[in-house]
Every structure is written in structure tokens, then in C-alpha cells.
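Colleague: What would the 3D arrangement of this be:
(one chain, ligands or ions: 2)
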Amino acid sequence: MSETKYVSSWYNLHSKVPESYVQPLDRRPCNAVMSTNKTIPVIDLAGNDRDEIVKKIIKSSEEYGFFQVVNHGVAKELVDETLRIFKEFHALPADVKESESSKDPNKSCKLYTSSGRNVADVAKYWKDSLKHPCPPSGEFTQYWPQKPQGYRETVGKYTQELRALGLRILGLISEGLGLSSDYFSGDLSENPIILSHHYPPCPEPGLTLGASKHKDPNTLTILFQEPNITALHVMKDGAWIPVEPIPDAFVINMGFMLQIITNGRLIGAEHRVVTNSSPSRHTIAYFINPSKEAIIGPAKEVTSSTSPPIYPSMPFGELLEKFMNNGPYFEAQFRL
Ligand SMILES: O=C(O)CCC(=O)C(=O)O
Ligand SMILES: [Fe+2]
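Modeller: Numbering: from 1, shown residues only. Ligands and ions are numbered 1, 2, ... in the order given. Below you'll find the model as predicted:
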């Protein structure tokens, strides 16, 4: 069974995309409206002018909900090694991947395939993803894969570094919004998870998607994209903007929780992933997630009598369930 389960295992046996992977007409990349002149802002985190960096981060997050960072301080060797480990993981025999990713009976760590995120999904997606928690406490590490060799050590180091980078960026965002500098460092960032996505080559990229149009259900995402392949698109003003990979940069995007916390000022932008006829594409998504109990709602510092809360407050666990169950219809329903 596992031999045929993952897209990575069977994609090269077909010259056409199986019917269940063909998207409805209005979602196919071949029919998409692409933006011809916009790009996602790039921010140099090593710049001397801190105020300028803060301003750029806020402006990009208001306009696009996305930006890229360069000179972010995470060692290139560590990023390259982590990407190599994940690529090797997806290239392992299916039964090995399966046993390496199912050590926790509660399924904190899992390898899933072709699945979308919500009720709006009608066709399958051209990808396999490995996902597990990576909290600073080290809890759950005993359930992480042990293959390829060095997985736990490398992914452990990577997730520590990305946590520091994420908190640094959230600190800059807090500064720009008038929140305390440690606003996000407690239960709003307690439960990070890491996802390793593999999008194999696809014989008919015009018909399929690697990931549906979605907003991330978290606070902030730090994405590393394999160089030289463009496939991530961000929605702005009714058109898709491609996010070109920049060597050694990270893509930063606001999650829907940050949109709520900032009372709609920063956008949890919609994005999607297309496929390519070659080569294979790998990405690493680090999700900063609140604890289940953390109360998510507009921060009092960003609301006032003239700018009242537009969203209710509730525990993250409850909010996440509503978000996942209602998909794209959720946001309109959720507004006060
Ligand atoms: O792989 C990508 O380019 C994006 C992945 C993504 O959007 C996600 O994990 O939420
Ligand atoms: Fe996403």
C-alpha cells in the first residue's frame, strides 16, 4: 500500500495527471490572472537603520502580508544541511518514510499526501508533507524521524535558530505597532511546528496545484524555498504575484492569527503553490503557533473607541477548529 500512496512514489509513472488531481477550471493555474509588475518586498535585516527596518516590515505586512528577509543571521550551512536532510527523507523508500514518521501513537508526527486544508478542497494536491511539532521545550523530539542520519540533531538546531529569528521579527512587528517587545514570546509562540513539503515534477502543471489558495492558520510563517524554482504565489488585488526565490533568503508571511491580533491591520495573505514539469521542489515551512489555551483576539493596544475590535477573542484551539472546518468562508463569518 505505502509503495503507491505518496505522490513522490508514483508521479513518474504517469504522462497525464490522474483525474482526482485535476483542479476545477477556476482554480487551474492555466486560467489564473498573474500580476506582471509586482514583487514581494525584500528586507535586509542587517541594515543599520532599525526604524527603517521596522517601517518596511509593517508596510509590507499591511500591503502584502508577505516579505522576504536577507542577512537574517541563520547560517547558510545549517539551512543547506536541513534542506538536504528533508530532500533525502522524501527520497527514502515509502515504507521507511512511513515507519520513521509514525512513531507517536497520538500522531504528533506524520507524513501526509495530497491533502488540502479545508472543506473547500475538491481535488487532491500534488505534494507530500512531513509535519511535526518542534517546541523549545524539546517535547516530542523522541517521535521525530531518525533517518536520514542526523535528522534530529540538524532539524533541532534549525528549529531553534528559526524560533530566534521568528521572535526577532515579531519583536520588530511589535515595535512598529506599539505592542510590548515581548508581546509574542509567551503562549502566542509556544507551539511551533515544522513542515517539510515535497512537490514532485508534474506532467500537466496547468491543471494541478501543490497547495490550495489559503491563509496560514498561525501567527507567523518562515519559509525556505529551494532555489531556482518559482511556485509560490501570493494574492494581491485579484492577481497572483510569484514569490521568486532569492538565494539564502527566507519568505515571511503573516498568519491569520496575526491578522486578528492586529485587528486586521496586518494581512494574513492568501497564497497557493503551483507545480512545475521539472524539477522537484522542496520547501521548509516553520510555523509559529500559539498554545491551544492562548487567547487570540485584537490586542487592546491596537484598538480604541474609534477603532473597535472587528474580531471576537477566543482560545486558539477553538479558533483553529472553526478555521479548519469552515475554510475560506470563515473570515467573513468571524467578523463582529
Ligand atoms: O511550499 C510553499 O511554497 C508554501 C507552503 C505553505 O504555504 C504552507 O506550508 O502553508
Ligand atoms: Fe501557507
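
Colleague: So which residues of the protein form strands?
Modeller: Counting by DSSP state E, one finds strands in the chain at the ranges 42-44, 66-70, 110-113, 128-133, 193-199, 211-214, 220-225, 232-236, 239-242, 250-254, 271-273, 281-288, 295-296, 314-315.

Colleague: List the strands paired with the fifth one, with their directions.
Modeller: Read that as strand 193-199. Using DSSP bridges, strand 193-199 pairs in its sheet with strand 128-133 (antiparallel), strand 281-288 (antiparallel).

Colleague: and the first one, C-alpha only, in PDB?
Modeller: Written as PDB, here are the backbone C-alpha positions of strand 128-133 (Å, rounded to 0.1, in the frame of the first residue of the first chain):
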ATOM      1  CA  ASP A 128       3.800  15.000   0.200                       C
ATOM      2  CA  SER A 129       4.400  16.700   3.500                       C
ATOM      3  CA  LEU A 130       6.100  15.700   6.700                       C
ATOM      4  CA  LYS A 131       4.900  17.600   9.800                       C
ATOM      5  CA  HIS A 132       5.700  17.600  13.500                       C
ATOM      6  CA  PRO A 133       5.900  19.900  16.500                       C
END
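
Colleague: Skipping its backbone neighbours, what lies nearest the closest residue to ligand 1 within the stretch 101-250 of the chain in space?
Modeller: Of all residues in the stretch 101-250 of the chain, Leu232 sits closest to ligand 1, at 3.8 Å by Cβ to the nearest ligand atom. (Glycine included, C-beta is placed from N, CA and C.) Residue nearest to Leu232 in three dimensions, not counting chain neighbours: Val243, with 4.3 Å by Cβ to Cβ, 6 or more residues apart in numbering.

Colleague: For this structure, list the residues in contact with ligand 1, please.
Modeller: 195, 197, 211, 216, 223, 225, 232, 271, 273, 283, 285 (Cβ under 6 Å from any ligand atom).

Colleague: do that again at 8 Å, thanks
Modeller: Within the chain, the positions adjacent to ligand 1 are 127, 129, 195, 197, 199, 210-211, 214, 216, 221, 223, 225, 231-232, 243, 251, 253, 271-273, 281, 283, 285, 287 by Cβ under 8 Å from any ligand atom.

Colleague: which ones are touching Gln149?
Modeller: Contacts for Gln149 (Cβ atoms under 8 Å, 6 or more residues apart in numbering) come out as none.

Colleague: go again using 10 Å as the cut-off
Modeller: The contact partners of Gln149, taken as Cβ atoms under 10 Å, 6 or more residues apart in numbering, are 85, 88.

Colleague: And the pLDDT for Leu220?
Modeller: According to the prediction, Leu220 has pLDDT 98.

Colleague: Next, count neighbours for it.
Modeller: Look at Leu220: counted by other Cβ atoms under 10 Å, it has 28 neighbours.

Colleague: Tell me what it is bridged to.
Modeller: Beta bridges link Leu220 to Met254, Ile288 when assigned by DSSP bridges.

Colleague: Isn't it up against Gly166?
Modeller: Yes: the criterion here is Cβ atoms under 10 Å, and Leu220 meets it with Gly166 at 5.7 Å.

Colleague: list residues touching both of those two?
Modeller: Here Leu220 and Gly166 have 184, 189, 192, 252, 286-288 as joint contacts, going by Cβ under 10 Å, 6+ apart.

Colleague: before we move on, the earlier item: measure the residue nearest to Leu232 to Asp51 for me?
Modeller: According to Cβ to Cβ, to the nearest Å, Val243 and Asp51 sit 26 Å apart.

Colleague: Helices of this structure, residue ranges please.
Modeller: Secondary structure of the chain (DSSP state H): helices at 2-5, 7-10, 50-63, 76-91, 94-100, 151-177, 256-261, 316-326, 330-334.

Colleague: looking at these, which is buried most?
Modeller: Stretch with highest mean neighbour count among the helices of the chain: helix 256-261 (a mean of 25; mean count of other Cβ atoms under 10 Å).

Colleague: Off-centre distance for that helix?
Modeller: How far helix 256-261 lies from its chain's middle: 15 Å, per Cα atoms, centre = their mean, to the nearest Å.

Colleague: and stretch 251-264, how far from the chain's centre?
Modeller: So, by Cα atoms, centre = their mean, the centroid of stretch 251-264 is 12 Å from its chain's centroid.

Colleague: Quick one: mean pLDDT over it.
Modeller: Averaged across stretch 251-264, pLDDT comes to 98.

Colleague: Could you work out the end-to-end span of it for me?
Modeller: Counting by Cα to Cα, to the nearest Å, you get 21 Å between the two ends of stretch 251-264.
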